[in-house]
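Asks: need a structure here:
(2 chains)
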Amino acid sequence: MLGDLRGGVRMALRRWPTMLSLAAVIALSCVVLAVLLADVLVQFKALRGGHELRGRGAVVFKPYYGTSRVTSVPDRAVSDLVELIREERAYTAVINNVRVDDPEFAGGVPTVLFVGSRLEETLPDLELCEPAPCAMRGAEVATPAEPVEIAGHTFTTFERLSRSATHFDAHLGPVPLDERLVLNLPPESLTRLTGYEREEAMARTVLLEATESDVDDFVASSAAGDLYLVPRHIAVDRPKRLSGIMVVSTMYVVGMAAFLTLVLVAFAATARRTLHRQRAVFVIRRTHGASNGRLAARLAGFVGVVVLLPPLPPLAGLLLVGGPLAPAAGWMAALVVVLFLVLWGWAVRQQSGYERRGR
Amino acid sequence: MTLVRASGLSKTYGRGRLRVEALREVSLSVEPGEAVALTGPSGCGKSTLLSLLGLTLPATGGELLVNGEPAPLRERRRARLRNEFFGYLHQEFAIVESDRVLANVTIPLEYARPRLNRRQRLERAGRALDSVGLGWATRRRASELSGGERQRVAIARALVNEPRLVLADEPTAALDVATAHEIVTLLLSMRRRGTSVLVATHDPRVSGRCDRILPMEDGRLAPEGVETSASSGDCGST
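Replies: As a prediction, this is how the structure comes out:
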């Protein structure tokens, strides 16, 4: 069987200039398609996140600063937010400003704070640890050597987030968590955060099923500390933007997939000519004892060396890179295997057809 | 023991209005050491009959006994039998032109059981080439050979596994008269080592040198075969 596989490879390599070009273009197309697919998968998660928030009548806030000085969010505003979170009518996150004045915090690993049990509900894919306080680490992050301390909590154990876990923020869009630590804090911890963290926590607050008076109270309390929050109803403002992003990404993927299809059609045409020229090989081998399986193995070598082998190493490389590229590379590798099987089956049918017709 | 015995063998291609009966109720047998010619016009079913007897095509009806046993249905057993029991000579696909001569002859040995190592394969292929007078051409590319030399390579390949029956489909069709004579002589000389030959041809110079002629027409075999003068004993020696 190995001899037949090698024979198929040699059959392809006899036309190496054509086959090498096709193999290179197929491999390149697959890699580009994987990268585009990664983007689409991330955007898809964002779209789902947006959908969940719309379904819950979520209100998010865009911050404006009334002064050039550091804002000072009043304790009362934070207490109100704590109460809302306790009542499961809000959640918040601190993504960019966790211990900004301490670059060595958590061993220098970027850290995200989540506060509020409703966050898990709107982003079920995250599979956040519970109950708070608890900590998790992204798939690409090792457990910190030192305990991580924040807001009176000390974290020594970190559960592992699933690969390519992504948080959805209404302003930032998808936030990949593979290379971050995630600290899930109880609501009362908000009062013990730094000024920068409290400011971001207020600005990233998501109110769920909020009444107009809830929104007004929240805006008014934060404005007292020179942090002016402009409410936006996700159901009204975001759908077009989110679906626009998705459409653009999908267009890239469709374009690239069409290109890959063209390349595969070119390969099929070349393979067809080659099989026609090489039909004597198959007739002679069958009559002298080659079974259908061994002839199919020969064709697997022929098709595989062009369609299957070249794209797999770069896709494996993308898998190792991790992040959102990993699942996309996995999907793409699966697609390459499916394409190989389809083309292999086609080649087997072509070859047996030539054998039957004898010309 | 009779090498192959076919009883009421039929082959139909296609279905419905596209249905073509290529072979209708053909019965024949080939005995050890015998040379039999299948004659008839193009399209009368000679090649199909060879394919059925040689187990490369399944029959749609009738019975086929190979070496006294029913022809196997499973592809792997059929492939094994093709390798061990039959040798083949093709008209159109005589050799793999892109391969070297030696590589062409080792093809049946690649599928031999028990497995042969590379050295054994090359030795046996070399001997087979010597036996057809092409020992000098082992390293040559097959495409560099003349038409007669190519057929001799094909004969060496057909013989390399020491088959019991060689099936030859128009082996001299593309050859000049002198070369054709030489190839037929070589082909029929196989009988000296006990190998039978069933040759499909419409060349009377080939069929006339065989023991029996089985004329075919429109997928049918004539009721009685024709005994030739060659059957008296000197067939193939000239």
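Asks: Contact residues of chain B facing chain A?
Replies: For chain B, the residues in contact with chain A (C-beta under 8 Å from any C-beta of the partner chain) are B:47, B:54, B:56, B:75-76, B:78-80, B:82-84, B:86-88, B:90, B:92-98, B:104, B:107-108, B:110-112, B:157, B:161. To be clear about C-beta, it is placed using only N, CA and C from the backbone, and glycine gets the same treatment.
Asks: What's the ChimeraX syntax to select whichever of those residues are buried?
Replies: Restricted to the buried members of the residues of chain B next to chain A, where burial is judged by 16 or more other C-beta atoms under 10 Å in any protein chain shown, the ChimeraX selection command reads as follows:
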select /B:47,54,56,78,79,80,82,83,84,86,87,88,90,93,94,95,96,97,98,104,107,108,110,111,112,157,161
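Asks: Now the terminal residues of stretch B:37-52, how far apart.
Replies: Taking C-alpha to C-alpha, to the nearest Å, the span from the opening residue of stretch B:37-52 to its closing residue is 16 Å.
Asks: Just the buried residues of that stretch, please?
Replies: By neighbour count with 16+ other C-beta under 10 Å, stretch B:37-52 contains the buried residues B:37-40, B:44-52.
Asks: Let me see the contact set for the closest residue to chain A within chain B.
Replies: Scanning chain B for the residue nearest chain A gives B:N83, at 2.6 Å (criterion: C-beta to the nearest C-beta). Each residue near B:N83 by C-beta atoms under 8 Å, 6 or more residues apart in numbering or on different chains is listed here: A:288-289, B:108, B:111-113, B:161.
Asks: Is it correct that it falls within a helix?
Replies: Yes - B:N83: assigned to a helix according to DSSP: H, G, I helix; E, B strand; the rest coil.
Asks: Show me what from chain A comes close to chain B.
Replies: Where proximity means C-beta under 8 Å from any C-beta, the interface of chain A facing chain B comprises A:3, A:14, A:278-281, A:283-294, A:358-359.
Asks: Please convert the buried members of the residues you listed into ChimeraX selection syntax.
Replies: Of these, the buried ones go into a single ChimeraX selection, burial set by 16+ other C-beta under 10 Å:
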select /A:278,279,280,281,283,284,285,286,287,288,289,290,291,294
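Asks: quick one: which of the residues of chain A next to chain B sit in helices?
Replies: Cross-referencing the residues of chain A next to chain B against helices under DSSP state H gives A:3, A:279-281, A:283-287, A:292-294.
Asks: for these, which one is nearest B:S27?
Replies: Set against B:S27, the nearest of these by C-beta to C-beta is A:T287 (23.2 Å).
Asks: Just want the phi and psi numbers for the closest residue to that closest one other than its chain neighbours.
Replies: The shortest distance from A:T287 to any residue that is not its chain neighbour, by C-beta to C-beta, 6 or more residues apart in numbering or on different chains, is 4.1 Å, and that residue is B:Y88. In terms of degrees, to the nearest 10, the main-chain angles of B:Y88 are phi -130, psi 140.
Asks: Quick one: residues contacting B:Y88.
Replies: For B:Y88, the set of contacting residues under the criterion of C-beta under 8 Å, 6+ apart consists of A:284, A:287-288, B:54, B:158, B:166-169.
Asks: quick one: it from B:E144, how far?
Replies: For B:Y88, the distance to B:E144 (C-beta to C-beta, to the nearest Å) stands at 23 Å.
Asks: Low-confidence stretches in chain B?
Replies: Along chain B, segments meeting pLDDT under 70 span B:92-93, B:223-238.
Asks: Could you rerun that using 50?
Replies: B:231-238 (pLDDT under 50).
Asks: most centrally placed residue in it?
Replies: Using C-alpha atoms, centre = their mean, the residue of chain B that lies closest to the mean C-alpha position is B:L167, 1.5 Å off.
Asks: Am I right that that one is in a strand?
Replies: Yes - applying three-state DSSP, one finds B:L167 inside a strand.
Asks: Quick check: the residue of the stretch 251-359 of chain A nearest chain B.
Replies: Of all residues in the stretch 251-359 of chain A, the one sitting closest to chain B is A:G289 (2.6 Å; C-beta to the nearest C-beta).
Asks: Leaving out chain neighbours, which residue sits closest to that residue?
Replies: Leaving aside its chain neighbours, A:G289 sits nearest to B:N83 (2.6 Å; criterion: C-beta to C-beta, 6+ apart).
Asks: now do B:L64
Replies: For B:L64, ignoring the flanking residues on the chain, the nearest one in space by C-beta to C-beta, 6+ apart is B:A71 at 4.2 Å.
Asks: The one you found: how many residues sit nearby?
Replies: Look at B:A71: counted by other C-beta atoms under 10 Å in any protein chain shown, it has 19 neighbours.
Asks: Same question for A:A258.
Replies: 10.
Asks: Taking the centroid of chain A, which residue is nearest it?
Replies: Per C-alpha atoms, centre = their mean, the C-alpha nearest to the average position across chain A is that of A:P324, at 3.4 Å.
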